[in-house]
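K.L.:
output the structure for:
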Amino acid sequence: MSILNNNQKYGLISIIFHWGMAIIMLITFLLGKNLQDNFENYYEILALHNSFGILIFILAIFRITWKFINIKPDALPNKIIFMKLASLSHIVFYIIFFVMPLTGYLLTNLQGDIVSFFGTSLPSILERNSELKYYIHDIHFYLGNILLLILGLHILGALYHHIILKDNTLRRITLTKLNK
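P.N.:
Sure, this is the predicted structure:
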């Protein structure tokens, strides 16, 4: 397994970025959902949710940098609509990687709480503001739902390629060997 991408397959670093961020996003989403009704552990969960959200933001910077300095495997022969949908979903993912952590940071500030990154308190950008908080919350909430929708479509697309088309699309982003 190569660390770098090649014309056929993604390298180890790209694979780690892909699956690592997927796991971190899932954890962050579940922590966020747990905030709604968990008043007993609210601040501990909020601190973890914020920490993982900021980690997604930081990893997205590295991931985009890696994407631009590393080659991309050649496109597999697909229908043009699948290629367009895949490109669009990746663009939406990258937008969400940046916008959701920013709205989460602002939301935490606006509700008067401290943003924490794995135990380190970060500076407030905005003062407490109950009215603006609801607008930012809605943006954060709807982005989370869009993320779930795009993630679901992304998974369905990968499974379609793997099970129905039996091509190497899914294998290219895993540690498994490619079919000949």
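K.L.:
rest of the way, CA atoms for contacts and neighbours
P.N.:
Will do.
K.L.:
which SS state does residue 22 fall under?
P.N.:
Assigned with DSSP: H, G, I helix; E, B strand; the rest coil, residue 22 falls in the helix class.
K.L.:
how close does it sit to residue 103?
P.N.:
The gap separating residue 22 from residue 103 is 19 Å, by Cα to Cα, to the nearest Å.
K.L.:
over to residue 120?
P.N.:
Separation of residue 120 from residue 103 (Cα to Cα): 19 Å.
K.L.:
so between the two, which is more surrounded?
P.N.:
Shown here are residue 120 and residue 103; by other Cα atoms under 10 Å, residue 103 has more neighbours (20 against 11).
K.L.:
so residue 8 sits in a strand?
P.N.:
No. With three-state DSSP as the criterion, residue 8 is coil rather than part of a strand.
K.L.:
so what's it closest to, chain neighbours aside?
P.N.:
Beyond its immediate neighbours in the sequence, the residue positioned closest to residue 8 (Cα to Cα, 6 or more residues apart in numbering) is residue 73, lying 5.1 Å away.
K.L.:
how about the one you found, phi and psi?
P.N.:
With angles defined as degrees, to the nearest 10, residue 73 sits at phi -60, psi 150.
K.L.:
what's the average pLDDT for the helix or strand harbouring residue 121?
P.N.:
Using DSSP states H and E, residue 121 falls within strand 120-122. Strand 120-122 shows a mean pLDDT of 97.
K.L.:
quick one: buried residues of the helix or strand following that strand?
P.N.:
Per DSSP H and E, strand 120-122 leads on to helix 130-159 as the next helix or strand towards the C-terminus. Across helix 130-159, burial judged by 16 or more other Cα atoms under 10 Å covers 133, 136-137, 139-141, 143-144, 147, 150-151, 154, 157-158.
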